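**Q** Next input, structure requested:
(one chain, ligands or ions: 3)
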Amino acid sequence: MESKKQLEYIDKCSRIVRDRAGFLGRPLTFYVETFGCQMNERDSEKLRGILEKAGFEKNDSEESDLVLYNTCTVRENANTRVYGRLGKLKDLKKRNPEMIIGLCGCMMQEAHVVEKITMSYRFVDMIFGTHNVYMLAELLYNVLTERKMTVDIRREATEIVEDLPMDRTYSFKSGVNIMFGCDNFCSYCIVPYVRGRERSRKPEEILKEIRSLAGDGVKEVMLLGQNVNSYGKKEEGGVTFAQLLREVCRVEGIERIRFMTSHPKDLSDELIRAIAEEPKVCNHLHLPLQSGSSRILKAMNRRYDKEKYLELVSKIKSACPDLSLTTDIIVGFPGETEEDFQETLDVVRKCGFDSAFTFIYSRRSGTPAAEMEQLDESVVKERFDRLLALVQSTASERCGRFAGRIQNVLVESVNRQDGSLVTGRTENNLVVHFPGGEELIGQIVPVRMEECKGFYYYGIKAE
Ligand code: SAH
Ligand code: SF4
Ligand code: F3S
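**A** Ligands and ions are numbered 1, 2, ... in the order given. Now for the predicted structure:
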């Protein structure tokens, strides 16, 4: 129903766009920029799909007739970047007064942000949030016909709208949402406030989408959710994530399956078995640690402790010896002491992460942690540097273990610095450069891992 209505709006927009392009004697162009995580990347594919269907032509610069920023607010610096970029857009709009500027995504779900933009950034034409991405054409129609600022933010999603157009970034790999939102309320995190309550898509919808992707030549899918391990738990007759994963493995044409993100509190033995047994499931698990201190984990509301995390890791490593384990770590959560931080370093040493994203804690207003006493910046920075040094040395050591081995590499692009090389990823998510041409893009090629460069490899095609 809703998708039919939106397809009608796309059609209405396309008529206006066609007339305008005819008048100008050139196509109208658009530019979508994505900040933040894979969820946003996937939403942007939907946004671009709608704009293309509405008759706009994709452009790679902000000098376009329509510019849309799909924003992130997980850390303060994500916000700062958007405000900085808006200043630049204002100048561009002076030169092209017909230009349409839109803002959407997670930042827009925060009332204080929308207030600031509607007050001080009057040149923005369109503001919407994470729950109504599918409404882009409807909002755009409003802007095109009334030429006034259109703001539409929903507190919650009413339904999951399927079957709208999509412009995929890669022809050979794709993200697939399996669930939206988050119910975990980790005390530092803004995501549950801006993405709403957890909702799982129906297994049959997910499988239908993946089959259709496979039909289009997609070889690798990444199943997306803030906590994929709780997939289906709220649904009746719930299919578990491990069951869903096994179903996805049965889809012909799909050769690799990844997923993000696994919350340690819900990582089941059933899932570990599926990873170990199913050859299509990649040898890579991203398992955010956040902190190694049980005391801080409790204050973070993560619902596992240091021992539980270590136990999980040893279980996974014994079930899948060749697996790459990656993680996220936050430094400087309110109340973190040097002792707590030492616990984090201890877990990093014990787990031997193949890579770790390290973040300085960022205070997000509205979250419980924002009300706690914050740490001194210089202390946090110094801890962060120590953590980074440890993480990097562990990661490069782990990376070295593949030297001389043959790994299957999904080729993603021609190397930007050296056109005689192509670049791809192994199942373990390691980047490899090796001699080859454009025709290899999208193919899975066996490559001998010749030279480890710390975090990536140079290789040679094996055969
Ligand atoms: N749902 C995922 C994480 C999504 S956010 C999970 O639970 O693992 C991605 C990462 O950003 C988190 O893992 C966390 O390490 C980091 N992050 C979230 N909020 C943050 C904050 N306020 N300050 C610093 N890092 C934060
Ligand atoms: Fe944020 Fe925690 Fe939800 Fe991840 S699980 S999105 S860190 S609240
Ligand atoms: Fe950012 Fe929203 Fe993702 S806040 S990290 S884009 S869910």
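
**Q** what residues are up against the residue of the chain found nearest ligand 3?
**A** Going by Cβ to the nearest ligand atom, ligand 3 is nearest to Gly36 of the chain, at 2.6 Å. In short, each C-beta sits where N, CA and C put it, glycine included. Contacts of Gly36 were listed using Cβ atoms under 8 Å, 6 or more residues apart in numbering, and they are 70-72, 74, 78, 105-106.

**Q** show me the contacts for Ile330.
**A** Ile330 neighbours (Cβ under 8 Å, 6+ apart): 188, 290-291, 300, 359-361.

**Q** now do Leu388
**A** With Cβ under 8 Å, 6+ apart, Leu388 has these contacts: Thr358.

**Q** Would you tell me which residues of the protein are close to ligand 3?
**A** Within the chain, the positions adjacent to ligand 3 are 36-37, 39-40, 72-74, 106, 191, 194-195 by Cβ under 6 Å from any ligand atom.

**Q** Where do the strands of the stretch 251-400 of the chain begin and end?
**A** 256-260, 284-286, 324-331, 355-360 (DSSP state E, counting those that start in this stretch).

**Q** ranking the ones you listed by burial, who's on top?
**A** Greatest average neighbour count among those goes to strand 284-286 (a mean of 23), per mean count of other Cβ atoms under 10 Å.

**Q** Which elements pack onto it?
**A** With contacts defined as 3 or more Cβ pairs under 8 Å, 6 or more residues apart in numbering; DSSP states H and E, the packing partners of strand 284-286 are strand 324-331.

**Q** quick one: the strand it packs on near ligand 2?
**A** No: applying Cβ under 6 Å from any ligand atom, one finds strand 324-331 separated from ligand 2 by no less than 8.1 Å.

**Q** Could you look up the next helix or strand downstream of the one helix or strand Glu8 maps to?
**A** Using DSSP states H and E, Glu8 falls within helix 2-24. The first helix or strand that comes after helix 2-24 along the chain, using DSSP H and E, is strand 29-34.

**Q** in the helix holding Glu8, what's buried?
**A** Using 16 or more other Cβ atoms under 10 Å as the test for burial, helix 2-24 gives 2, 6-7, 9-10, 12-14, 16-17, 20-21.

**Q** what angle sits between that helix and strand 29-34?
**A** Angle, helix 2-24 to strand 29-34, by axes from the mean of the first three to the mean of the last three Cα atoms, to 10 degrees: 130 degrees.

**Q** Output the contacting helices and strands for helix 2-24.
**A** helix 38-53, helix 136-146.

**Q** SS state for the residue in the stretch 101-250 of the chain positioned nearest to ligand 1?
**A** Per Cβ to the nearest ligand atom, Gln226 is where the stretch 101-250 of the chain lies closest to ligand 1, at 3.7 Å. Classification of Gln226 using DSSP: H, G, I helix; E, B strand; the rest coil returns coil.

**Q** Now it. Nearest residue, chain neighbours left out?
**A** Of all residues not flanking Gln226 in the chain, Cys182 sits nearest, at 3.9 Å (Cβ to Cβ, 6 or more residues apart in numbering).

**Q** where does that neighbour land on pLDDT?
**A** Note on Cys182: pLDDT of 96.

**Q** before we move on, what about Thr261?
**A** 95.

**Q** what are the ranges of the helices in the stretch 351-463 of the chain?
**A** Applying DSSP state H, counting those that start in this stretch to the stretch 351-463 of the chain gives helices spanning 377-399.

**Q** need the residues of it near ligand 1, please.
**A** Proximity of the stretch 351-463 of the chain to ligand 1, by Cβ under 6 Å from any ligand atom, involves residues 359, 361-362, 364.

**Q** follow-up on the earlier one: including pLDDT, could the buried residues of helix 2-24 go into TSV?
**A** Output for the buried residues of helix 2-24, formatted as TSV (pLDDT from 0 to 100):
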residue	pLDDT
Glu2	89
Gln6	96
Leu7	96
Tyr9	97
Ile10	97
Lys12	98
Cys13	98
Ser14	98
Ile16	97
Val17	98
Arg20	96
Ala21	97
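
**Q** just those that are near ligand 2?
**A** Applying Cβ under 6 Å from any ligand atom to these, none is adjacent to ligand 2.

**Q** hang on, the earlier thing: closest to Ala242 out of the contacts of Gly36?
**A** Here the nearest of these to Ala242, counting by Cβ to Cβ, is Val74; it sits at 27.6 Å.

**Q** Pull the number of nearby residues for the residue nearest to Gln226.
**A** 22 (other Cβ atoms under 10 Å).

**Q** what kind of secondary structure is it in?
**A** At Cys182, secondary structure determined by three-state DSSP is coil.

**Q** From what I see, it and Pro192 are in contact.
**A** Yes: with contacts counted by Cβ atoms under 8 Å, Cys182 reaches Pro192, the gap being 4.6 Å.

**Q** can you pull out the helices in the stretch 51-200 of the chain?
**A** Ranges of helices within the stretch 51-200 of the chain are 76-95, 111-120, 136-146, 191-195, based on DSSP H, counting those that start in this stretch.

**Q** What's the mean pLDDT across the last one?
**A** Taken as a whole, helix 191-195 has an average pLDDT of 97.

**Q** what comes into contact with it?
**A** Residues contacting helix 191-195 (Cβ under 8 Å, 6+ apart): 39, 73-74, 106-107, 109-110, 129-130, 180-185, 226, 366-367.

**Q** re earlier: any chance of the residues of the chain next to ligand 3 in CSV, with distance to ligand 2 too?
**A** What follows is the residues of the chain next to ligand 3, written out as CSV (distance: Cβ to the nearest ligand atom, whole Å):
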residue, distance to ligand 2
Gly36, 12
Cys37, 9
Met39, 10
Asn40, 13
Cys72, 12
Thr73, 12
Val74, 8
Cys106, 11
Val191, 4
Val194, 10
Arg195, 7
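
**Q** Number of residues surrounding Arg81?
**A** 14.

**Q** May I ask you to confirm that it is in contact with Phe35?
**A** Yes: assessed by Cβ under 8 Å, Arg81 is found in contact with Phe35 at 6.8 Å.

**Q** before we move on, the earlier item: who's in contact with the residue nearest to Gln226?
**A** Cys182 makes contacts with 189, 191-192, 195, 198, 226-227, as judged by Cβ under 8 Å, 6+ apart.
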